[in-house]
Structures are given as structure tokens and as C-alpha cells.
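Asker: This is a predicted model, with the sequence first.
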Amino acid sequence: MEPILDVQQLTMDFGGLRALDKVDLDVRQGEIVALIGPNGAGKTTFFNCITGIYNPTGGDVMISPPKNGAAQRINGLKPNRVTEKGLARTFQNIRLFQNMTVLENVMIGCHCRMKAGILGAVLRGISTRREEEAVVQKSYSILKKIGLDKHVNDFAKNLPYGAQRRLEIARAMATEPFMLLLDEPAAGMNPHETQELDELILRIRESEGISILLIEHDMKLVMSLSDRIFVMDYGKKIAQGTPAAISKNSDVIKAYLGEEIDA
Ligand SMILES: Nc1ncnc2c1ncn2[C@@H]1O[C@H](COP(=O)(O)OP(=O)(O)OP(=O)(O)O)[C@@H](O)[C@H]1O
């Protein structure tokens, strides 16, 4: 099967520091792929290069969206253009609009698919109003899937931590992605919240057909969810394979300096 995300020889220099050194990674339709590695390995830089936050120094970021399969190179596109292409992400640190409601946070995610421009929003003609109603419906239905529909009118800041992380995923889903990139989605979660997250990610893949690329330090979650794992250390890819193969890989064990990697 052709990859829907095909990253080749991705390189990123910050002055004299090579944070990414010719990294290859691919994701196929319907896969859950994890990117792991010790602190400072380059994982977030990798996400930032794919999602338009950084313009990589070298290499290619190619996507083949499942709906219109033609391969496109997305290096150097601005983050909002990357989102429009169907790649949506969450961040290591929660980035919600804390003083807005849960529903409003998801509605903002819908914005990139709305047709009404500034003039439409000002004049509020019938088509704009219909579109706004559709956005409310769509946002509500996403929140239902994510299990946050009881909280639609709560302020984001009043949600428990695990629910805030799930709200970020809901907002990303509102952009209608073919792939979600999740940067440490389980960070700070308790075991119960992590278990809920595990089930949620599987459900998103099964019922929405959305492929997932995630950075995660929780090895139990990584091993249970992933179809394939890519491992980085010091900016280089040092291994790739199934969870079973990765947990036995001697380079990976060495990179983690004996840390527990098989969950
Ligand atoms: N904007 C930047 N300017 C300079 N150096 C940077 C920048 N962003 C990242 N780096 C450096 O690039 C390297 C990789 O960092 P990165 O945050 O991508 O690692 P990581 O694998 O995501 O780590 P962690 O697991 O701790 O989040 C580090 O040495 C970091 O200090």
C-alpha cells in the first residue's frame, strides 16, 4: 500500500545543531504509528517540520491524501495550509482557549473548512447562518464521539486534565483530517485517563478511518496501540518495526540506557 505520509531524508539544522539528520518515515492509510526516542532526540522538531512550524533544511515531506491520492510536496507550507491539506496536530503543552466553552473550542477547529469570508460573517446572510448552524451540529457530534458532549457549555479551563487533552483531539478532528499527529497525548495523565485515551485513539482509527502518528513516552501505550514504531536518537532514525521487534532491538535498548522499554 502506498504511504499517505512519506517523509524522506528530513533534515533540520538550528545554527550548528543538526536536530534532524536525514530521517525517513512513512505512514499508510489506517495505521497507528509511534515516534519514540529519548528526550531531545528530535521528535517534536520532526512534527514541527511536517506541520509547517519549521521549514526543514532538507528532505521531502510528501502526502497522498486518501480522497485525492495525488502525491503533493508540503515542505514550507504555512501551518494553516498544512491543516487544510488534512494533517491536524495537538501539542505537548495544552493549547486550548481556556476561557471559551468546550463547544466553542471545537467550533474554532471547524473554521478552516468554512466557506463564509469576513463579508459573510459581517452581513450574516442566510447561507452564513446555515453554515454556522451546521458547524454547531458538527462540533456537537464530534464531542459526542470523544465523550465530551456532557461538557459542551463548560469552560475549557474547568475540565479535568485528561478531558482537556481529549478536547484538543476533538478540535483537531474538527478540521477533517486524514491524519492526526499527537504530541505526547498521554503526558500528565493518570492510568485511568491513559486507558481512556488508548480506547479513544483506536475508536478514531476504526470509525473515522483517520490514521495516527503519535509521539509518546508512555511505552505501555505505545506498545499496545502501534502498528509500527520509529525510534530516533540524537536526530537520527535508529530503528523501525513492529512493537515486538522494537522491544528487542539492541540499538533501541542502548539508546534508552537500560530504561524499561517493553511494557
Ligand atoms: N527552535 C529551536 N532552536 C534551537 N534548537 C532547538 C529548537 N527546537 C529544538 N531544538 C533542539 O533540537 C533538539 C531536538 O529537540 P526536540 O524538542 O525536537 O526533541 P524531542 O525528541 O521532542 O524531546 P522531548 O522528548 O524532550 O520533547 C534538542 O537538542 C533541542 O534543544
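Answerer: Yes, it's here.
Asker: Can you tell me the centre-most residue of the protein?
Answerer: Nearest residue to the geometric centre of the chain (CA atoms, centre = their mean): L181, 1.6 Å.
Asker: quick one: T175 from A244, how far?
Answerer: Applying CB to CB, to the nearest Å, the value for T175 to A244 is 34 Å. Where C-beta positions appear, they are placed from N, C-alpha and C, glycine not excepted.
Asker: Just list whatever residues bridge to the residue nearest to the centre of the chain.
Answerer: When bridges are called by DSSP bridges, L181 pairs up with R89, L213.
Asker: How far away from the center of its chain is stretch 86-99?
Answerer: Chain-centre distance of stretch 86-99: 9 Å, with CA atoms, centre = their mean, to the nearest Å.
Asker: what comes up buried for that stretch?
Answerer: The neighbour-count check on stretch 86-99 (16 or more other CB atoms under 10 Å) flags 86-91, 94, 96 as buried.
Asker: Just put the residues you listed in TSV and tack on pLDDT and distance to L20.
Answerer: Shown next, in TSV, are the buried residues of stretch 86-99 (pLDDT from 0 to 100; distance: CB to CB, whole Å):
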residue	pLDDT	distance to L20
G86	95	23
L87	96	17
A88	96	21
R89	95	17
T90	93	20
F91	90	18
I94	80	25
L96	88	28
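Asker: In TSV: those, plus distance to the ligand.
Answerer: Shown next, in TSV, are the buried residues of stretch 86-99 (distance: CB to the nearest ligand atom, whole Å):
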residue	distance to the ligand
G86	23
L87	18
A88	19
R89	13
T90	14
F91	11
I94	15
L96	20
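Asker: Between which two of the residues you listed is the distance greatest?
Answerer: G86 and I94 (23.2 Å; CB to CB).
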